[in-house]
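Enquirer: Here's my sequence, what's the structure:
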Amino acid sequence: MSPDEDALRVGWEAVLAVMEQDAVRQTVGSADGAGSADERAAAGARAAGAPAADERAAGERAAATWTEPTGLGPMPRELVGRASRLVAAQRDRMAGLEAERAAVLEHLGALRAVDATREPRGAVYLDASA
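Expert: Purely as a prediction, here's the structure:
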């Protein structure tokens, strides 16, 4: 391999590694759907060795600051499989998020239906001594 090909490969490997780490961080604890978002974030933080709040903040910063890499050139053929697996993992996560979103909307609809059945109440007692 030429030095240019090595540099190209190293650049793409670094980009893929960061994206894979982000994908893992986003899916830690959500594979089984157990626990609240806070519990999953705390589990992910423990797995990464960071406090939960720091882990969430780091993920938010990464999502807010990510930009498309430039100057990498074409992806080396031997990394295409790795990139394809990353795309598949991202699609799976999107499907999982959509399922979670649908469940939240269903719960919200149920809560609104219960709330709509409540009759407004006036004051039950009057404090005449005040």
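
Enquirer: for the residue positioned nearest the centre of the chain, helix, strand, or coil?
Expert: The centre of the chain sits closest to Q26, judged by C-alpha atoms, centre = their mean, with a distance of 4.0 Å. Following DSSP: H, G, I helix; E, B strand; the rest coil, Q26 is assigned to helix.

Enquirer: Kindly report the same for T67.
Expert: coil.

Enquirer: Could you say which helix or strand holds G122?
Expert: Assigned by DSSP states H and E, G122 belongs to no helix or strand.

Enquirer: Report how many residues lie close to it.
Expert: 4 (other C-beta atoms under 10 Å). Using the backbone N, CA and C atoms, a C-beta is placed for each residue, glycine as well.

Enquirer: next one: the one 5 residues further on
Expert: Other residues lying near D127 total 6 when counted by other C-beta under 10 Å.

Enquirer: And the pLDDT at it?
Expert: Per-residue confidence (pLDDT) for D127: 79.

Enquirer: what sits against it?
Expert: By C-beta atoms under 8 Å, 6 or more residues apart in numbering, the contact list for D127 is empty.

Enquirer: With E13 instead?
Expert: Per C-beta under 8 Å, 6+ apart, neighbours of E13: L79.

Enquirer: got the phi/psi numbers for it?
Expert: Main-chain torsions, E13, degrees, to the nearest 10: phi -60, psi -40.

Enquirer: Any figure for the gap between it and P120?
Expert: Look at E13 and P120: by C-beta to C-beta, to the nearest Å, they are 63 Å apart.

Enquirer: what's the single longest helix in this protein?
Expert: Ranked by residue count, the top helix of the chain under DSSP state H comes out as helix 80-116.

Enquirer: what comes up buried for it?
Expert: 82-83, 86, 89 (16 or more other C-beta atoms under 10 Å).
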